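J.: Predicted model and sequence follow; I will ask about them next.
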Amino acid sequence: MSVTVILPNDVLTDQGGDVPKRVLEQVALEGFKSGQLTIAQVRRILGFDSRLQAHEFLASHGVSWVDYDDGELELETETLRWLIP
């Protein structure tokens, strides 16, 4: 499925830069922040070749891509303590 967004010409000419790209970026950011999109979906929407690019994109917009709950964080912490005495 594809989506077409129609914006008035004056909106497009009043904005600097690549408006379609910025619209996609906002969709990806808001979708990820709300939990509706995964990192893989963000990567595909924005045409990134790797997860690292998606992580960098999110980080550059102040969005954390690490989504640990308290139990997962504690497990990771314990594993690191075991690996690094």
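T.: Nice, I can see it. Residues are numbered from 1 along each chain as shown.
J.: pLDDT-wise, which helix or strand of this protein ranks last?
T.: helix 9-14 (a mean of 70; mean pLDDT, DSSP states H and E).
J.: For the protein, which segments count as strands?
T.: Taking DSSP state E as the criterion, the chain contains no strands.
J.: low pLDDT regions in it?
T.: Low-confidence segments of the chain (pLDDT under 70): 12-17, 67-68.
J.: if we go to 90?
T.: 1-23, 64-85 (pLDDT under 90).
J.: how about the helices in the protein?
T.: Using DSSP state H, the helices of the chain run over residues 9-14, 19-33, 39-46, 51-60, 70-83.
J.: Contacts for the longest one, please.
T.: Taking C-beta atoms under 8 Å, 6 or more residues apart in numbering as the criterion, the residues outside helix 19-33 that touch it are 5, 7, 11-12, 15, 37-39, 41-42, 45-46, 57-58, 61, 63, 65. (Glycine included, C-beta is placed from N, CA and C.)
J.: Make a PyMOL selection of whichever of those residues turn out to be buried.
T.: Only the buried entries of the contacts of helix 19-33 go into this PyMOL selection, using 16 or more other C-beta atoms under 10 Å:
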select buried, resi 37+39+42+45+46+57+58
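J.: which one of the helices of the chain lies closest to Met1?
T.: helix 39-46 (12.5 Å; C-beta to C-beta).
J.: how distant is that closest one from the center of its chain?
T.: Distance, stretch centre to chain centre, for helix 39-46: 7 Å (C-alpha atoms, centre = their mean, to the nearest Å).
J.: Put the alpha carbons of it into PDB.
T.: C-alpha atoms of helix 39-46 as PDB (Å, rounded to 0.1, in the frame of the first residue of the first chain):
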ATOM      1  CA  ILE A  39      13.300   0.100  13.900                       C
ATOM      2  CA  ALA A  40      13.100  -2.200  10.800                       C
ATOM      3  CA  GLN A  41      10.100  -0.400   9.500                       C
ATOM      4  CA  VAL A  42      11.700   3.000  10.100                       C
ATOM      5  CA  ARG A  43      14.700   1.800   8.100                       C
ATOM      6  CA  ARG A  44      12.600   0.700   5.200                       C
ATOM      7  CA  ILE A  45      10.400   3.800   5.200                       C
ATOM      8  CA  LEU A  46      13.500   6.100   5.000                       C
END
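J.: Cool, thanks, signing off.
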